[in-house]
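J.: how would this look folded up:
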Amino acid sequence: MSNSQPVTFYTRINCDLCDQAKTLLDRLAQELGFTIEAVDIDADRNLSLQYGDVVPVVVVDGEEVARAPIRVSALESALWERYR
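T.: Residues are numbered from 1 along each chain as shown. As a prediction, the model looks like this:
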């Protein structure tokens, strides 16, 4: 089962916090059935300017639900609320 609204995951290469958040998102995606759209902010100048060093950022339906540093319990709660 897959939810039609993906989770947008703003990230960058060689980011330990991003790798940890991706592992968490992968687990939650399996449990809740959503897809993850990973976006490398360094590939887009506007996103790089917008987010700078504040990655990872998790967005659902245009609303930011988490940003670095990711609080695991807060992200889990936000995604369970949206996708259960």
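
J.: show me where pLDDT drops low in the protein?
T.: 1-3 (pLDDT under 70).

J.: in it, which spans are strands?
T.: 7-11, 36-40, 57-60, 63-67 (DSSP state E).

J.: buried sites along the second one?
T.: So that's strand 36-40. Buried residues in strand 36-40, counted by 16 or more other CB atoms under 10 Å: Val39, Asp40. In this view, the C-beta of every residue, glycine as well, is placed from N, C-alpha and C.

J.: of the strands of the chain, which stretch is the most buried?
T.: Of all those, strand 7-11 has the most neighbours on average by mean count of other CB atoms under 10 Å, namely a mean of 22.

J.: got the CA positions of that strand in CSV?
T.: What follows is strand 7-11, C-alpha atoms only, in CSV (Å, rounded to 0.1, in the frame of the first residue of the first chain):
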residue,chain,number,x,y,z
VAL,A,7,7.7,12.9,1.8
THR,A,8,10.2,15.4,0.4
PHE,A,9,13.6,15.0,2.0
TYR,A,10,16.0,17.9,1.5
THR,A,11,19.5,16.5,1.9
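
J.: direction included, what does that strand pair against?
T.: strand 36-40 (parallel), strand 57-60 (antiparallel) (DSSP bridges).

J.: which other residues reach that strand?
T.: Strand 7-11 has contacts (CB atoms under 8 Å, 6 or more residues apart in numbering) with 18, 21-22, 25, 29, 34-41, 47, 51, 55-60, 79.

J.: could I get the full set of helices for this protein?
T.: In the chain, helices defined by DSSP state H lie at 16-32, 45-51, 72-83, listed in chain order.

J.: in JSON lines: these, plus distance to Val65.
T.: Supplementary listing: the helices of the chain in JSON lines, determined by distance: least, CB to CB, whole Å:
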{"stretch": "helix 16-32", "distance to Val65": "11"}
{"stretch": "helix 45-51", "distance to Val65": "15"}
{"stretch": "helix 72-83", "distance to Val65": "4"}
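
J.: tell me which of those helices lies nearest to Gln5.
T.: Gln5 sits nearest to helix 72-83 of all the helices of the chain, at 7.9 Å, using CB to CB.

J.: hmm, back to that, a markdown table for the strands paired with strand 7-11, including distance to Pro69?
T.: A markdown table is the format used below for those (distance: least, CB to CB, whole Å):
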| stretch | distance to Pro69 |
| --- | --- |
| strand 36-40 | 19 |
| strand 57-60 | 11 |
